[in-house]
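Enquirer: fold the following, please.
(2 chains)
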2 protein chains.
Amino acid sequence: MDTPARIWTAALVIIGDEILSGRTQDKNIAQIASWLNVQGIRLKEVRVVADDQDAIVEAVNLLRARNDYLFTTGGIGPTHDDITVDAIAVALGVDVVVHPRAKMALEGYYESRGGLTEARLRMARVPEGSELIENRMSGAPGIRHGNIFIMAGVPHITAGMLESLTGKLEGGLPLLSRQVGCWVAESEVADILRATEKAHDACQIGSYPFFREGRVGANFVVRSTDADAVDSCIADLKAALEKHEHAVIEGGI
Amino acid sequence: MDTPARIWTAALVIIGDEILSGRTQDKNIAQIASWLNVQGIRLKEVRVVADDQDAIVEAVNLLRARNDYLFTTGGIGPTHDDITVDAIAVALGVDVVVHPRAKMALEGYYESRGGLTEARLRMARVPEGSELIENRMSGAPGIRHGNIFIMAGVPHITAGMLESLTGKLEGGLPLLSRQVGCWVAESEVADILRATEKAHDACQIGSYPFFREGRVGANFVVRSTDADAVDSCIADLKAALEKHEHAVIEGGI
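Expert: Residues are numbered from 1 along each chain as shown, chains lettered A, B, ... in the order given. Next up is the predicted model:
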């Protein structure tokens, strides 16, 4: 038997009272998860913590130790509630320093926007030993320190930072998926799903029910790093569903 | 000095590969956070974990111990990938049993829908010692065991379960908030925000920048359990912003 391929993992810490208060609907989990899949990295766990140093330190230190990569979002702006850089420096046991290239980038960006004030200079502060992650959406860069990637909270700025990291992180085989859908209650086909997954070792099947247009239905997602295994599992699943007279919609509903 | 009022806290564990793979955009964090605020309970921390027993047990046991309430969403359907009930029973060290009233509810619901199959009966399984949480959206109830509330993953079903819990959980003072907005880069007013927060002990100020209609702006949210404190902080913040010739939009932008 072949040695199974190594699975590269990442964790995400979302930092922000605005998410925990329900004020802001998070969009970074789905955005970063989808991006990581393409890099061959699995998002293994996510935590949402308050703008609170102890909470950030606890999450960062545990999750960076047990994953290949750790991403954070939020709390890197110029205002008093932006404490991510300071908290991560505490977690790492290093000082906070002004990064010369970040300062230059901010000077350039703010030259025509009122100049680099003390508040804006806060955005050039990094844990000592950091590199910058480019961000073409605004003057403020993201920050990389070892396996930690410190990103913005505003989703379109995070997107710019992810773009500049694309293809640069070592990963494994991307997780592939295909789905089919049926207008059926998932409880009617639970036995078929279980038996099909059992017969296809390399695959996982997820069942995602919904209620739409006044009818119940479900999508069945087959996931694996092996494209042939996905295709063969989907073919067997389709055959089994059709044998029980459930019409199958390729690509899902 | 008065003793500060007790703050009641909750944690949320979101269980589901579909969130971690980026397939599904979570909506339960914002929904549950907003509902908890009204009950006088603060959402303190959230974790998203895979459909994996060890990950669920770890999160549940830590978070139920350090919060007044623990909510979970996802993984309580009839299919093989629904392992929440089993995992929480392991976390609690109790058996999984069929709850008679849940079985009756499912029998009623499925009477005209093909009958109660073995797969459907899975949805009547609970950790021993549980009560049910009504759900008028479908036949499957949520589950309460001590301070743990096991809810559906599909947001509109979760909403039905929250509705039946409304007003039934002991909480403290609800966290109140008011916001004002300015068409200004938050970095221009960082000093005003910091000074205003410092002058108002009972309040926190959050600054939430955005880029919209080709312009930068920010909303400033003042939060406190004391309505007078919020009003007084908002008044001072407004005065300080206007003194610096920033037009303030009540209620935010």
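Enquirer: C-alpha only now, for contacts and for neighbours.
Expert: Will do.
Enquirer: dump the residue contacts of the nearest residue to A:Gly77 once chain neighbours are set aside.
Expert: When the adjacent residues along the chain are set aside, A:Gly77 lies closest to A:Met123, with 6.1 Å between them (CA to CA, 6 or more residues apart in numbering or on different chains). Going by CA atoms under 8 Å, 6 or more residues apart in numbering or on different chains, A:Met123 touches A:76-78, A:102, A:140-141.
Enquirer: same deal with A:Leu173?
Expert: Applying CA under 8 Å, 6+ apart, we find A:Leu173 in contact with A:5, A:7, A:40-41, A:225.
Enquirer: which of those residues lies closest to B:Gln25?
Expert: When the contacts of A:Leu173 are compared for distance to B:Gln25, the smallest value, 18.7 Å, is given by A:Ile41; criterion: CA to CA.
Enquirer: neighbours of the closest one, how many?
Expert: The tally of other residues near A:Ile41 (other CA atoms under 10 Å in any protein chain shown) stands at 24.
Enquirer: can I assume it is in contact with A:Ile32?
Expert: No. Between A:Ile41 and A:Ile32 no contact is recorded; they are 10.5 Å apart, counting by CA atoms under 8 Å.
Enquirer: and whichever residue of the stretch 151-253 of chain A sits closest to chain B, what does it touch?
Expert: Among the residues of the stretch 151-253 of chain A, A:Ala190 lies closest to chain B, at 4.9 Å counting by CA to the nearest CA. For A:Ala190, the contacting residues are B:78-80, B:119, taking CA under 8 Å, 6+ apart as the criterion.
Enquirer: mind listing the strands for the stretch 1-150 of chain A?
Expert: Counting by DSSP state E, counting those that start in this stretch, the stretch 1-150 of chain A has strands at residues A:8-15, A:41-49, A:69-73, A:96-98, A:125-127, A:131-133, A:142-145, A:148-151.
Enquirer: which one of the ones you listed lies closest to chain B?
Expert: Ranking the strands of the stretch 1-150 of chain A by distance to chain B, with CA to the nearest CA as the measure, places strand A:41-49 first at 4.4 Å.
Enquirer: okay, now the unreliable bits of the stretch 1-150 of chain A?
Expert: With pLDDT under 70 as the threshold, the stretch 1-150 of chain A has low-confidence stretches at A:1-4, A:139.
Enquirer: separation between A:Arg122 and A:Asp86?
Expert: 11 Å (CA to CA, to the nearest Å).
Enquirer: what about stretch A:26-45, start to end distance?
Expert: Calculated as CA to CA, the first-to-last residue distance of stretch A:26-45 is 15 Å.
Enquirer: buried residues in that stretch, which are they?
Expert: In terms of neighbour count (16 or more other CA atoms under 10 Å in any protein chain shown), stretch A:26-45 has its buried residues at A:26, A:28-45.
Enquirer: can you tell me which of those residues are up against chain B?
Expert: Checking the buried residues of stretch A:26-45 against chain B by CA under 8 Å from any CA of the partner chain, the ones in range are A:26, A:29-34, A:37, A:42-45.
Enquirer: the stretch 51-200 of chain A against chain B: which residues are in contact?
Expert: Residues of the stretch 51-200 of chain A lying close to chain B (CA under 8 Å from any CA) are A:77-81, A:117, A:119-120, A:154, A:186-188, A:190-191, A:193-194.
Enquirer: so which of the residues you listed sit within helices?
Expert: Judged by DSSP state H, those include A:119-120, A:190-191, A:193-194 as members of helices.
Enquirer: okay, domains of chain A per the record?
Expert: Recorded structural domains for chain A (assignment: automatic domain parsing) are A:8-165, A:176-250.
Enquirer: what about A:Gly93, how many residues nearby?
Expert: Using other CA under 10 Å, the number of residues around A:Gly93 comes to 11.
Enquirer: over to A:Glu134?
Expert: A:Glu134 sits with 20 neighbouring residues when counted by other CA under 10 Å.
Enquirer: how about it, phi and psi?
Expert: Recorded main-chain torsions at A:Glu134 are phi -60, psi 150, according to degrees, to the nearest 10.
Enquirer: quick one: residues contacting it.
Expert: With CA under 8 Å, 6+ apart as the criterion, the residues that contact A:Glu134 are A:141-142, A:160-161, A:164.
Enquirer: picking up where we left off before, please work out which of the domains of chain A is packed deepest.
Expert: Mean neighbours per residue, mean count of other CA atoms under 10 Å in any protein chain shown, is largest over these for domain A:8-165, with a mean of 20.
Enquirer: before we move on, the earlier item: ok, which of the domains of chain A comes nearest B:Leu237?
Expert: Among the domains of chain A, if distance is taken as CA to CA, the winner is domain A:8-165, at 14.4 Å.
Enquirer: start to end distance for that closest one?
Expert: Taking CA to CA, the first and last residues of domain A:8-165 lie 16 Å apart.
Enquirer: for stretch A:90-105, same thing?
Expert: Its start and end residues considered, stretch A:90-105 measures 25 Å (CA to CA).
Enquirer: list the contacts of that stretch.
Expert: Under the contact criterion CA under 8 Å, 6+ apart, stretch A:90-105 has outside partners A:57-58, A:60-61, A:85-86, A:89, A:121, A:123-128, A:132, A:139-141.
Enquirer: next one: stretch A:202-214
Expert: A:185-186, A:193, A:197, A:216-226, A:229-230, A:233, B:17-18, B:79, B:81, B:154.
Enquirer: among those residues, which are in helices?
Expert: Counted as lying in helices by DSSP H, out of the contacts of stretch A:202-214, are A:193, A:197, A:229-230, A:233, B:17-18.
Enquirer: ok, those vs B:Lys243, which is closest?
Expert: B:Lys243 has its nearest neighbour among these in B:Glu18, at 49.5 Å by CA to CA.
Enquirer: pretty sure that closest one contacts B:Val48?
Expert: No. With contact defined as CA under 8 Å, B:Glu18 does not reach B:Val48; the gap is 10.4 Å.
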